[in-house]
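> turn this into a model:
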Amino acid sequence: MAKKMNVGGMVIVGFSGIILGILLTMLFSKINGVKDLPKPEIAEGAKGELKIDKNVNENTLDDYLFRSDAVYRDVRMLIDDANYEAIGGDSYLSGFVKGFEVVPYPYLTKVEGLPEAVGESYTGPVLFSKNEEGEYVANYEESMDILEALFPKDKVIFLMCGGGGYAGMTKELLVSLGWNENKIYNTGGFWNYQGKNKVQVKRELEDGTAVYDWWKVSYHNIDFSGLRAKTE
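Residues are numbered from 1 along each chain as shown. Here you go, the predicted structure:
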């Protein structure tokens with residue numbers, strides 16, 4: 001005799017399994033202190049001009065650190081050619097938020113749109129340039145491989161810089177090249193961060209001389225001398 005299938009029971013069991021999975025995920029998040037991520041949303045006012053996120057920013061960042069499903073990238077240079085002191089910032093990477101690794105945005109593509117007061121940033125080789133149509137094109141055979149290795153597409157990406165500008169520019173670059181904009185957060189600027197996970201790089205000696213403990217920084221250098229230039 002053929003067995004009868006209890007479709008109603010299967011639906012209930014399946015639905016119960018989904019609910020159980022959701023509850024377990026919520027419980028795991030609470031136990032591990034992982035806060036649910038809101039959808040990226042640009043802030044209003046001055047922060048919005050820099051495309052800093054409304055919900056995940058310098059004021060709330062500590063709630064979203066140390067996630068296993070995310071990578072954290074500070075896109076400043078160790079020493080920037082631009083004079084950020086002119087706008088109250090720091091041209092040196094004087095500190096960073098714990099968990100962030102440094103990938104300089106000026107190595108990814110040409111820096112544009114800086115305040116006139118700070119002058120020009122790095123003008124050396126870059127991985128990508130804009131063509132006449134305003135699209136980003138790779139300058140090297142390895143450009144996309146490097147970008148995907150440093151900014152994994154299967155991870156949530158938290159970006160930070162000094163004031164928020166480079167981070168916003170980095171998100172624009174990534175989204176233009178195929179990254180999911182809903183998985184990338186411009187968390188703003190280290191200069192405005194007041195959380196509990198600050199790592200100080202700059203320190204002063206007894207004679208007042210400033211020194212920088214670069215050994216504290218997880219830094220991703222891009223050596224352009226070993227890359228193969230793309231040919232048309």
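> residue contacts, the spatially most central residue of the chain?
Nearest to the geometric centre of the chain sits Leu159, at 2.0 Å (Cα atoms, centre = their mean). Shown in contact with Leu159 (Cβ atoms under 8 Å, 6 or more residues apart in numbering): Arg73, Asp74, Val75, Ala167, Gly168, Thr170, Lys171, Ile184, Tyr185, Asn186, Thr187. The C-beta positions use only the backbone N, C-alpha and C, and glycine is treated the same way.
> what's the answer for Val175, then?
Taking Cβ under 8 Å, 6+ apart, one finds Glu181, Ile184 in contact with Val175.
> am I right that it falls within a helix?
Yes: assessed with DSSP: H, G, I helix; E, B strand; the rest coil, Val175 lies in a helix.
> break the chain into its domains for me.
Domain assignment for the chain, taken from automatic domain parsing, gives 1-33, 36-226.
> if you average pLDDT over each of those, which comes out lowest?
Among the domains of the chain, domain 1-33 has the lowest mean pLDDT, at a mean of 48.
> do you have the strands of this structure handy? List them.
70-74, 95-97, 101-102, 128-130, 136-138, 156-161, 184-189, 198-200, 202-204, 210-212 (DSSP state E).
> strand partners (parallel or antiparallel) of the first one?
Here the strand partners of strand 70-74, with direction, are listed using DSSP bridges: strand 101-102 (parallel), strand 156-161 (parallel).
> for those, which one ends up most surrounded?
Neighbour counts (mean count of other Cβ atoms under 10 Å) averaged over each of the strands paired with strand 70-74 peak at strand 156-161, with a mean of 25.
> and it, C-alpha only, in CSV?
Provided in CSV are the C-alpha atoms of strand 156-161 (Å, rounded to 0.1, in the frame of the first residue of the first chain):
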residue,chain,number,x,y,z
VAL,A,156,30.4,43.1,4.7
ILE,A,157,32.9,45.9,4.3
PHE,A,158,33.3,48.7,6.8
LEU,A,159,35.3,51.7,5.6
MET,A,160,37.0,54.5,7.5
CYS,A,161,39.5,57.2,6.9
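> what's the distance between the spatially closest residue to Leu108 that is not a sequence neighbour and Ile184?
The shortest distance from Leu108 to any residue other than its chain neighbours is 5.3 Å, reached at Leu127 (Cβ to Cβ, 6 or more residues apart in numbering). Distance, Leu127 to Ile184, by Cβ to Cβ, to the nearest Å: 17 Å.
> and the gap between the residue nearest to Leu108 and Ile157?
On the measure of Cβ to Cβ, Leu127 and Ile157 end up 17 Å apart.
> again with Lys130
22 Å.
> could you do Leu114 as well?
Counting by Cβ to Cβ, the gap from Leu114 to Ile157 is 23 Å.
> can you check Val199 too?
Applying Cβ to Cβ to Val199 and Ile157 gives a distance of 20 Å.
> ditto for Phe96
Taking Cβ to Cβ as the measure, Phe96 falls 16 Å from Ile157.
> again with Leu205
On the measure of Cβ to Cβ, Leu205 and Ile157 end up 37 Å apart.
> ok, back up a step: surely the residue nearest to Leu108 meets Ile222?
Yes: using Cβ atoms under 8 Å, Leu127 is in contact with Ile222, at 7.0 Å.
> who has more neighbours out of the two?
Per other Cβ atoms under 10 Å, whichever of Leu127 and Ile222 has more neighbours is Leu127, with 22 against 18.
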